[in-house]
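One predicted model, sequence on top.
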Amino acid sequence: MILSDPQFVAQIETWGARFAPEQPLREHTSLGVGGPADLIVIQRLEALEPVTEGLRQRGIAWGLLGGGTNVLAADEPHQKVYLRLAPNSHDIEFRGNTVRVPAAAELGRSVMECAKRNLGGMEGLVGVPGSVGGALRMNAGAYGTEIGPLVRSITVFRGSTGRREELVPQGGVSFQYRKSSFASDDIMLGVTLELKERPFREILDHVKLLNQRRRGSQPLKEKSAGCIFKNPPGLSTGKLIDELGMKGTGVGGAVVSERHANFLVNRHSATASDFFRLMDLIRERVLRAYGVELEEEVIVWKN
Ligand SMILES: Cc1cc2nc3c(=O)[nH]c(=O)nc-3n(C[C@H](O)[C@H](O)[C@H](O)COP(=O)(O)OP(=O)(O)OC[C@H]3O[C@@H](n4cnc5c(N)ncnc54)[C@H](O)[C@@H]3O)c2cc1C
């Protein structure tokens with residue numbers, strides 16, 4: 001436990017947050033691996049300022065945990081506190097074809113809430129698990145749709161200043177392939193998206209089609225973090241790994257999915273170090289065979 005000051009812990013509760021010491025990250029990530037870490041669940045957004053200030057004064061580093069669907073957390077005890085915004089509100093505000101969505105809301109559910117109001121254009125994202133905040137940080141995308149281009153403004157809590165700012169894409173926020181320009185200590189609180197008017201029925205048909213494609217090509221019943229590596233320009237990492245005959249290759253409990261070679265799955269109570277070793281093996285083989293250096297898509301949390 002790295003947060004051991006009882007007075008601070010008691011204060012946290014009064015600010016509208018909850019301290020959860022030594023949480024096994026394997027229980028909070030879709031990959032199902034990761035050692036213990038102290039979590040602070042932020043129930044009222046107003047708590048962010050005193051909590052981060054208190055951590056700063058004590059020299060404790062912090063990170064942000066969303067839905068945990070794109071994180072590979074090391075097995076060792078983590079020397080950081082992870083903040084998590086409580087998903088206590090899926091309240092989406094509708095104004096014409098723009099919508100205001102809280103960062104803690106589930107992305108897929110938000111897509112469907114908008115669809116019910118005949119607002120589409122983000123159907124591609126319906127099967128991307130996790131939170132809206134995580135999707136913004138990662139510029140999540142699927143089937144030709146990325147969240148970045150839909151963004152009109154984002155409310156960010158800046159860890160560096162302890163202030164909230166409303167950012168617009170023209171004013172310095174940029175999105176690239178599975179990457180955004182936010183500082184590592186920025187916390188997304190909410191986003192305004194601009195969508196397209198489209199009949200619910202049409203959106204629903206599209207969603208069904210995409211879900212079917214996803215089910216047919218991804219190991220959705222197993223523990224994974226989605227694609228482990230990014231696609232190099234013009235290439236498919238899944239195809240490169242598949243062509244090397246690596247589907248089914250395992251290290252400890254971490255296995256290259258037979259369904260999609262860029263998905264590594266936790267099949268036999270894997271540890272994070274099994275995944276690190278399997279990733280090294282894949283990187284080495286791909287580099288040797290194709291001269292291509294693979295870049296991680298998954299966010300690795302190591303001390
Ligand atoms: C089965 C499966 C399928 C997937 N398919 C896709 C896909 O098609 N396309 C795709 O892009 N991804 C895919 N992913 C990966 C993952 O779902 C996305 O990256 C998702 O957007 C991550 O959101 P999260 O809330 O789970 O973030 P987390 O995994 O919790 O965190 C990811 C990063 O975002 C940061 N973060 C989270 N919330 C905030 C916030 N409020 N403010 C600031 N930073 C924050 C974290 O600190 C971390 O750096 C898939 C994953 C799985 C398991």
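Everything's here; your move.

Could you list the residues of the stretch 101-250 of the chain in contact with the ligand?
103, 128-131, 133-135, 137-138, 140-142, 186-188, 218, 220, 224-226 (CB under 6 Å from any ligand atom). Quick note: C-beta positions are derived from backbone N, CA and C, even for glycine.

Just the buried ones among those residues, please.
The neighbour count (16 or more other CB atoms under 10 Å) marks 103, 128-131, 133-135, 137-138, 140-142, 186-188, 218, 224-226 as buried among these.

and residue 159, what is it in contact with?
Going by CB atoms under 8 Å, 6 or more residues apart in numbering, residue 159 touches 52, 62, 183-187.

So which of the residues you listed are in strands?
Members of these lying in strands (criterion: DSSP state E): 62, 186-187.

For the residues you listed, give me a markdown table that also has distance to residue 150.
Formatted as a markdown table, the ones in strands among the contacts of residue 159 follow (distance: CB to CB, whole Å):
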| residue | distance to residue 150 |
| --- | --- |
| 62 | 28 |
| 186 | 19 |
| 187 | 20 |
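
which one of these is nearest the ligand?
Distance to the ligand across those (CB to the nearest ligand atom) is lowest for residue 187, with 4.5 Å.

Help me confirm that the closest one comes into contact with residue 157.
Yes: in this structure residue 187 lies within contact range of residue 157 using CB atoms under 8 Å: 4.2 Å.

Could you give the backbone dihedrals for the closest residue to residue 84 other than its chain neighbours?
Nearest residue to residue 84, sequence neighbours excluded (CB to CB, 6 or more residues apart in numbering): residue 65, at 4.6 Å. Taking degrees, to the nearest 10, you get phi -110, psi 120 for the backbone angles of residue 65.

can you tell me how far residue 65 sits from the ligand?
According to CB to the nearest ligand atom, to the nearest Å, residue 65 and the ligand sit 5 Å apart.

Can you give me the buried ones in stretch 53-64?
For stretch 53-64, the neighbour count (16+ other CB under 10 Å) marks 54-55, 60, 62-64 as buried.

Sort out which one of those residues lies nearest the ligand for me.
residue 64 (3.8 Å).

Bridged to the closest one, which residues?
Following DSSP bridges, residue 64 is listed with bridge partners residue 83.

And the helices in this protein?
6-15, 48-57, 107-116, 132-138, 200-217, 237-243, 272-290 (DSSP state H).

shaky segments in the chain?
Regions of the chain meeting the criterion pLDDT under 70 cover residues 88-90.

Can you pull the domain assignment for it?
Annotated domains of the chain cover 6-85, 93-216, 222-301 [automatic domain parsing].

first vs last residue of the longest one, how far apart are they?
Distance between the two ends of domain 93-216: 34 Å, counting by CA to CA, to the nearest Å.

How about stretch 60-68?
21 Å.

Just give me how far that stretch sits from the chain centre.
In this view, stretch 60-68 has its centroid 11 Å away from the chain centroid, taken as CA atoms, centre = their mean, to the nearest Å.

Need the residues that contact that stretch.
Here stretch 60-68 has contacts from 2-3, 25, 28-30, 39-40, 52, 55, 71, 79-85, 103-104, 106, 129-131, 133-134, 137, 159, 184-185, 187, 301, using CB under 8 Å, 6+ apart.

residues in contact with the spatially most central residue of the chain?
Of all residues in the chain, the one closest to the mean position by CA atoms, centre = their mean is residue 134, 3.8 Å from it. The contact partners of residue 134, by CB under 8 Å, 6+ apart, come to 66-67, 69-70, 107, 140.

try 7 Å this time
Residues in contact with residue 134 (CB atoms under 7 Å, 6 or more residues apart in numbering) are 66-67, 69-70.

for residue 43, same thing?
16-18, 86, 88.

Buried subset of the residues you listed as a PyMOL selection?
Remark: buried members of those, expressed as a PyMOL selection using 16+ other CB under 10 Å:
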select buried, resi 16+17
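
Tell me which of the contacts of residue 43 fall in strands.
Applying DSSP E to these, the entries found in strands are 17-18.

Can you lay out the contacts of residue 43 as TSV showing distance to the ligand?
TSV is the format used below for the contacts of residue 43 (distance: CB to the nearest ligand atom, whole Å):
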residue	distance to the ligand
16	17
17	15
18	17
86	11
88	14
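
re earlier: joint contacts of residue 187 and residue 157?
residue 48.

contact partners of stretch 118-125?
97, 99, 107, 111, 135, 140, 142-145, 147, 150, 195-200, 203, 206-207, 210.
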